[in-house]
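S.K.: All I have is the shape, not the residue letters:
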């Protein structure tokens, strides 16, 4: 899916690959969400290398406003990906925001982004968020893609540019990581992976690079999430909620592993509330509850924002954690009751 310019005054009638190529000129800053994961950094690296290939005189740099995960840093070292230690937004003609669903995921840079006069391009596979769509000039968003790296591969293909071996490996890493090692892969995902493997790659090597042992602190957090669990049996579905100060996503996945159909794990620090939502594919297929859409609603209700996918979402907001968890479970229960009524 190729997006269209969000600025009605734009001279572009549509967002074509040629139009994108024309935008990737001058000084360009590539941005990713806080605690950048492999899909975020590898998609940014892919676009950076594409720009250097098609526009040698352009200056494209990567900046991670909220740092990167430990796994991501390992991948950056292995691939030689370099990022800026600091950046000044006014120095750039174009900002490319990758794998980022909401401005809050950019920290202080979210506000800078909204005030900047630079052209803004969004490349993402999360559900569209109204705030991001409002501040962007151009977008390429496809929620059916399992990763942003898959979209970046499509850009290479659409422009007729062959990725270098190192870029092919980077895009493969992002695709494998965000498709959960191909568990949620689509035909388009597998086609992209197959083409990239023809250039460079060994699936065992890719899997090996993504392998990581959970740190003791994360293992303890997952155990605490299980200890503090509150579960609700609603219309035959098991909904689980727990409170933690960190490792929300990992712990939400752990609750699914324990048998929950949908889980919510939340915690707060210095007045900021963060939450992760997860569900099984069976839950989504049976209920049609899209966690990314639920996260948008919950985030707005608690003075923040949220976004994500049908079975995985995140929220950054404010408020009391217990009230938030109660509200999240209540909304899930209400949605399940509506589904039940519709099927009568």
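M.R.: Okay, I see it. Please read all numbers here as calculations on a predicted model, not as lab measurements.
S.K.: care to break the chain down by domain?
M.R.: 17-210, 218-342 (automatic domain parsing).
S.K.: export these to CSV and tack on mean neighbour count?
M.R.: Where C-beta positions appear, they are placed from N, C-alpha and C, glycine not excepted. Converted to CSV, the domains of the chain look like this (neighbours: other CB atoms under 10 Å):
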stretch, mean neighbour count
domain 17-210, 19
domain 218-342, 19
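S.K.: Dump those into TSV; add mean pLDDT as well.
M.R.: TSV is the format used below for the domains of the chain (pLDDT from 0 to 100):
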stretch	mean pLDDT
domain 17-210	93
domain 218-342	93
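S.K.: what about the strands in this structure?
M.R.: Secondary structure of the chain (DSSP state E): strands at 27-32, 59-63, 94-98, 119-124, 138-141, 230-234, 237-243, 262-269, 272-279, 305-308, 312-317.
S.K.: What helices and strands are in contact with the top helix by length along the chain?
M.R.: The single longest helix within the chain, with elements called by DSSP state H, is helix 321-342. Helices and strands touching helix 321-342, by 3 or more CB pairs under 8 Å, 6 or more residues apart in numbering; DSSP states H and E, are strand 230-234, strand 237-243, strand 262-269, strand 272-279, helix 281-287, helix 291-301.
S.K.: on that earlier part again, can you put the strands of the chain in TSV and add distance to residue 193?
M.R.: Shown next, in TSV, are these (distance: least, CB to CB, whole Å):
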stretch	distance to residue 193
strand 27-32	21
strand 59-63	23
strand 94-98	19
strand 119-124	18
strand 138-141	20
strand 230-234	37
strand 237-243	33
strand 262-269	29
strand 272-279	24
strand 305-308	23
strand 312-317	20
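S.K.: Ok, which of those strands comes nearest residue 17?
M.R.: Closest to residue 17 of the strands of the chain is strand 138-141 (CB to CB; 9.5 Å).
S.K.: Packing partners of that closest one?
M.R.: helix 17-23, strand 119-124.
S.K.: Show me what the first one is packed up against.
M.R.: It stands for helix 17-23. Helix 17-23 is packed against strand 119-124, strand 138-141, helix 148-159, with contacts defined by 3+ CB pairs under 8 Å, 6+ apart.
S.K.: List the contacts of that helix.
M.R.: 12, 54, 55, 94, 119, 121, 138, 140, 155, 158, 159 (CB atoms under 8 Å, 6 or more residues apart in numbering).
S.K.: can you give me the offset of it from its chain's centre?
M.R.: A distance of 24 Å separates the centroid of the chain from that of helix 17-23, by CA atoms, centre = their mean, to the nearest Å.
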